[in-house]
Structures are given as structure tokens and as C-alpha cells.
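> sequence and predicted structure are below.
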Amino acid sequence: MGQGASFLQCQAGRSCAHEVRTLRYRDQYSKVTLRWTSLITGDLINKFGHKKMIYAGIIIMFSTIATHFVFETYYGYMIGLILLGVGWNFLFVSGTSLLVVSYNKEDKFLAQGLNDFVVFSSQSIGALSAGILLFSTSWKTLNLICLPLLILLLLFSLLNKKN
């Protein structure tokens, strides 16, 4: 949601001092960071465990929101999107690999199918709603909308006694 919203915000001309053509470089930082982090996330999960990596992802995502909330500059967006790439990767890879060890063998296809449905449905909803929410609210509000979701994720992670 953050990537699309930052681009739309600058397209709409809201509080952006830099040119739209420079946005592609900033968004590429997030995408490159997201993919490069994938090269080491598996090793980090093996070393620290799923739960600690999920907590690290949540902390990084809180840092992303704080960065986007405080710094409305080109470099603020860039740093925030780099943090978004790392935090999203930690949460996605840790959660997906935790799923594989969490279900019974006979529930394999149901669990993976339900997980894929929830993940990709929420990504689609986020991508489609980012422009509407940004247009009807503000960049700061859009970032604040993510806080309850992260708090819920943190609470569910803390309340889960397994792993």
C-alpha cells in the first residue's frame, strides 16, 4: 500500500517537492531491498526462529510508518520504502515458512490455499484502495491506517504460545 500511495501522492502533487521521474528510482530501492533481503531471510529464520523474525518485521514496519509520518522529503520516502521492503519480506517469508510447519499433513492443501487467498486478497485490496484513501484523506492518515493492523499482528504473535 505504501509504494502505490507514495507514487499517487506525488502524482497528485500533494506535498512533493521532487519530480515524478525521480520516483521510479525511489520505488526501485524498495523492490531491490525486498528481493535482496530474501537471499538471507531463510538463514536468519534458521538462526533466530520464526517468531523473532516476525517481531523484527513488525518493528521495522512500525519504523516505516514513523519514517513516513515524520519525514515528507524525497529521502524520507526512500528510507521508508527501503524499510517497507525489509519489513514486508521478514513478515511474509517468516509467516509463510511458519505455515509449512504449523498444519497437519492432511490439511496441507487447505492451509496453503487459504493462506494464498488471504495474502493475495489483502494485497489486492490494499493496492486498489491506496489511491482512493490517499485522495480522500492524507499521506499521514494512510500510514496511520496501518497501525491497527500491525498492533493486531503483534497481539496475535504474543498470544500464540507455539514456536
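On my side now, so go ahead.
> from now on I want contacts and neighbour counts done on CA atoms only, so please keep to that.
Fine.
> show the subsequent helix or strand relative to the longest helix along the chain.
The single longest helix within the chain, with elements called by DSSP state H, is helix 108-136. Where DSSP states H and E defines the elements, the next helix or strand beyond helix 108-136 is helix 139-159.
> helices and strands around that next one, which ones?
Packing partners of helix 139-159 (3 or more Cα pairs under 8 Å, 6 or more residues apart in numbering; DSSP states H and E): helix 2-12, helix 50-70, helix 108-136.
> excluding covalently adjacent residues, which one is nearest to the residue positioned nearest the centre of the chain?
Residue closest to the mean C-alpha point of the chain, counted by Cα atoms, centre = their mean, is W88 at 3.6 Å. In space, not counting the residues next to it along the chain, W88 is nearest to G57; the distance is 6.6 Å by Cα to Cα, 6 or more residues apart in numbering.
> contacts only, for Y55.
For Y55, the contacting residues are L154, by Cα atoms under 8 Å, 6 or more residues apart in numbering.
> what sits against the residue of the chain positioned farthest from its centre?
Relative to the centre of the chain, and counting by Cα atoms, centre = their mean, the farthest-placed residue is E106 at 30.8 Å. By Cα under 8 Å, 6+ apart, the contact list for E106 is empty.
> per-residue confidence for it?
Here, the pLDDT recorded for E106 equals 89.
> now swap in V86 and tell me
Reported pLDDT for V86: 92.
> what helix or strand is it on?
Counting by DSSP H and E, V86 is found in helix 74-100.
> verify the contact between the residue nearest to W88 and G85 for me.
No - the pair G57 and G85 does not pass the contact test of Cα atoms under 8 Å, sitting 9.9 Å apart.
> tell me which helix or strand of this structure sits lowest on mean pLDDT?
helix 2-12 (a mean of 41; mean pLDDT, DSSP states H and E).
> right, and the helix or strand after that helix?
Following helix 2-12 in sequence order, the next helix or strand is helix 23-48 (DSSP H and E).
> mind checking how far that next one is from the chain centre?
On the basis of Cα atoms, centre = their mean, to the nearest Å, helix 23-48 sits 11 Å off its chain's mean C-alpha point.
> right, I'll leave it there.
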